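Visitor: build the 3D model from these lines:
(one chain, ligands or ions: 1)
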Amino acid sequence: MFFTVLSIFPKMFDPFWAHGIIRKAIEEKKILTSTINIRDYAPDRHQVTDDRPYGGGSGMVMKPEPLAGAIRDAAQRIPAAKTVLLTPQGRVFDQRMAQELASCAGLVLVCGRYEGVDERVCHELVDYEISIGDYVLTGGELAAMIIIDAVTRLIPGVLGGEQAAEKDSFANDLLEHAHYTRPRIFEGSQVPEVLLSGHHQEIEKWRLESSLMRTLLKRSDLLQKKDLDRQEIEILNKWQREIKKLIEEFRD
Ligand code: 4GX
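Guide: Here you go, the predicted structure:
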C-alpha cells in the first residue's frame, strides 16, 4: 500500500512515520509513504497557497492551482491510487471504511487548511471525501494520520498473529472484553478467577460475556445494529432471567 500525503505542513508527519507499528510497517515494506509539500506547486515567487474567498467574508481558501498540481503529480506516481479529501463534509470514517480503503493499491490524502479548498478541485480530482468525526480541526493532517493508522493495521502481516485485527473491537461489532495483567492483586483489586484457571473454553466464554456487557452498558447503539449469534442471544437471555429473578426477590 502506498500512502501519499499532500500538506502545507509535511513535517507534521515526520514523528508519525517514526514510531510504533507505522514505523515497523515502513521498515518491513508493508507500506510506502511520501509527503508532498503543496507549497512546492505554487507557481509564484512567494509560494502562496491561499487566497481571499470570492463573494467576500472572513477566512482564506486554498488556491486551486497548487493543490491540483500536487494531486496530479501524486496520482501519476501511483496510477491505481484513490484520492481522499479530509473534510468535515465527508462520509464519517468508521472501521468498515478502513477495511474498504485497506483494499486500495494506494491512497493520496489531501490535507486542507483555512476555510477549505476551492470547490473545483474537490469536483475534478477527489474520489472520496472523508470526515473523521463531527468536530472541527485546524487542518486535515491529523485526520489523515488517523486514517493511515487505522488502515495500516488492517494490512496483512502488519500486526503479529498475537494482535490480529480480526480480534479487535468492531471486527465483530462488539467492544473489546476487559484486559488484565500482573500483579494478581492491584491496590486490593483482584483479577477475575477464571482468567487464572487455564480453562480456555471458560476464558473464551467469560471474554464474550465481558464484550457483550461492555457493549450493552457503553454502546448499546452498536448492539442494536448487530446480527447477534445463538450464543450471544443465550447470554442476553441469561441476564434477563437473572434480572427478573432479582426484581421478584426484591418485591417479596
Ligand atoms: N475530519 N477539518 C479540513 C479545511 C477544509 C475544509 C473543507 C477541505 C474542505 C476534518 C474532520 C476537519 C477542518 C480538516 C477543516 N478542507 N477533517 N479543514 N472533522 O475538521 O476531517
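Visitor: can stretch 84-99 be found next to the ligand?
Guide: Yes - contact of stretch 84-99 with the ligand (CB under 6 Å from any ligand atom) involves Leu85, Leu86, Thr87, Pro88. Quick note: C-beta positions are derived from backbone N, CA and C, even for glycine.
Visitor: tell me which of those fall in strands.
Guide: Leu85, Leu86, Thr87, Pro88 (DSSP state E).
Visitor: residues of this protein that sit close to the ligand?
Guide: Of all the residues in the chain, those lying near the ligand are 85-88, 112-113, 116-117, 131-133, 135-137, 139-140, 143, going by CB under 6 Å from any ligand atom.
Visitor: if we can go back for a sec, who wins for neighbours among the ones in strands among the residues of stretch 84-99 next to the ligand?
Guide: The most neighbours of any of those, using other CB atoms under 10 Å, belong to Leu85, which has 28 neighbours.
Visitor: wait, doesn't that residue sit right on Val126?
Guide: Yes - at 4.5 Å, Leu85 counts as touching Val126 under the criterion of CB atoms under 8 Å.
Visitor: quickly list what's touching both of these two.
Guide: Common neighbours of Leu85 and Val126, using CB atoms under 8 Å, 6 or more residues apart in numbering, are Val110.
Visitor: could you report the pLDDT at the residue of the stretch 151-252 of the chain found nearest the ligand?
Guide: The ligand sits closest to Val151 of the stretch 151-252 of the chain, with a gap of 14.7 Å, by CB to the nearest ligand atom. pLDDT recorded at Val151 is 98.
Visitor: list the contacts of the residue nearest to Ser7 when sequence neighbours are not counted.
Guide: Once flanking residues are discounted, Ser7 sits nearest to Cys111: 4.2 Å by CB to CB, 6 or more residues apart in numbering. Cys111 is in contact with Val5, Leu6, Ser7, Ile8, Phe9, Leu86, Gly139, Gly140, Glu141, Ala143, Ala144, counting by CB under 8 Å, 6+ apart.
Visitor: out of these, flag the one nearest to Ser220.
Guide: Ala143 (27.5 Å; CB to CB).
Visitor: quick check: that closest one touching Leu137?
Guide: Yes - using CB under 8 Å, Ala143 is in contact with Leu137, at 6.2 Å.
Visitor: tell me what the host helix or strand of Trp239 is packed against?
Guide: Trp239 is part of helix 230-251, with elements assigned from DSSP states H and E. Judged by 3 or more CB pairs under 8 Å, 6 or more residues apart in numbering; DSSP states H and E, the packing partners of helix 230-251 are helix 200-218.
Visitor: which one of the residues of stretch 84-99 next to the ligand is nearest to Lys63?
Guide: Distances from Lys63 to these, taken by CB to CB, are shortest for Leu85, at 15.2 Å.
Visitor: just to revisit the earlier point, how about the contacts of Cys111, which pair is most distant?
Guide: So, these by CB to CB: farthest apart are Ile8 and Ala143, at 14.7 Å.
Visitor: ok, and the closest non-adjacent residue to whichever residue of the chain sits closest to the ligand?
Guide: Nearest residue of the chain to the ligand: Gly112, at 2.5 Å (CB to the nearest ligand atom). In this structure, Gly112 finds its nearest non-sequential neighbour in Gly140, 5.0 Å apart by CB to CB, 6+ apart.
Visitor: isn't the one you found right up against Tyr114?
Guide: No - Gly140 is beyond contact range of Tyr114, at 10.8 Å (criterion: CB under 8 Å).
Visitor: between these two, point out the one with more neighbours.
Guide: Gly140 (28 against 16).
Visitor: for that one, which residues are in contact?
Guide: Ser7, Leu85, Leu86, Thr87, Leu109, Val110, Cys111, Gly112, Arg113.
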